[in-house]
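In: Turn this into a structure:
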Amino acid sequence: MADLFSPDWMASFQNVWNTEPGLADELSAIGFTSTIAYGFLGDDAPLGVLVVENGQAVSGGAYNGEELSWDLRASKGDWEKWVKKAPGMMGLGMAYTTRKLQFIVGDYGGMMKDPRMAGPFVKSFAAMGKA
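Out: Here you go, the predicted structure:
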């Protein structure tokens with residue numbers, strides 16, 4: 001497996017994103033378009049970025065200063081734990097409340113209040129485990 005959030009890992013994640021049931025298809029139905037970055041707490045910048053257009057991941061690779069819609073950060077250990085066993089809605093809520101999962105950019109609360117986005121967000125963690 002490639003290093004977490006490396007260009008190779010992000011490219012694999014892009015492919016899994018598009019085939020994971022309940023992820024790209026549900027986001028496509030609401031016209032979800034975003035640039036999503038992933039990285040580690042304490043780093044100046046995220047490592048990887050996924051560009052999503054109408055629910056479909058159209059590119060995945062290294063972060064190169066793109067304007068972000070979302071920037072998700074956690075410790076390397078927490079990311080690795082979540083990749084091995086995807087958290088559910090409650091687990092993600094706890095991770096956010098305890099600041100293990102931080103949104104440097106993006107509105108976690110607003111997203112979780114919208115079931116059209118909350119379900120796919122949870123599914124994205126399952127997709128990470130397959131990248």
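
In: ok, Val16 touching Ala131?
Out: Yes. Taking Cβ atoms under 8 Å as the definition, Val16 is a contact partner of Ala131 at 5.1 Å. No exception for glycine: its C-beta is placed from N, CA and C like everyone else's.

In: so where is this protein shaky, pLDDT-wise?
Out: Residues of the chain that meet the criterion pLDDT under 70 lie in 1-2.

In: Tyr38 is in contact with Ser6, correct?
Out: No. No contact is recorded between Ser6 and Tyr38 when judged using Cβ under 8 Å, the distance being 10.8 Å.

In: Which residue ranges of this structure form helices?
Out: Counting by DSSP state H, the chain has these helices, from start to end: 7-19, 24-29, 76-84, 89-97, 108-112, 115-128.

In: ok and the first one relative to helix 76-84, angle-wise?
Out: When axes from the mean of the first three to the mean of the last three Cα atoms, to 10 degrees is applied, the directions of helix 7-19 and helix 76-84 differ by 40 degrees.

In: buried set for helix 7-19?
Out: Of the residues in helix 7-19, those with enough neighbours to count as buried (16 or more other Cβ atoms under 10 Å) are 7-14, 16-18.

In: neighbours of the residue nearest to Met128 when sequence neighbours are not counted, just the number please.
Out: Of all residues not flanking Met128 in the chain, Val83 sits nearest, at 5.0 Å (Cβ to Cβ, 6 or more residues apart in numbering). Burial measure for Val83: 18 neighbouring residues, criterion other Cβ atoms under 10 Å.

In: any idea how far Val83 is from Lys76?
Out: Counting by Cβ to Cβ, to the nearest Å, the gap from Val83 to Lys76 is 10 Å.

In: Now the common contact residues for these two.
Out: Between them, Val83 and Lys76 have Leu4 as joint contacts when contacts are counted by Cβ atoms under 8 Å, 6 or more residues apart in numbering.

In: So which of the helices of the chain is nearest Val58?
Out: Nearest of these to Val58, taken as Cβ to Cβ: helix 7-19 at 7.8 Å.

In: hang on, the earlier thing: who has more neighbours out of Ser6 and Tyr38?
Out: Neighbours around Ser6 and Tyr38, counted as other Cβ under 10 Å, are more numerous at Tyr38. The numbers are 24 against 15.
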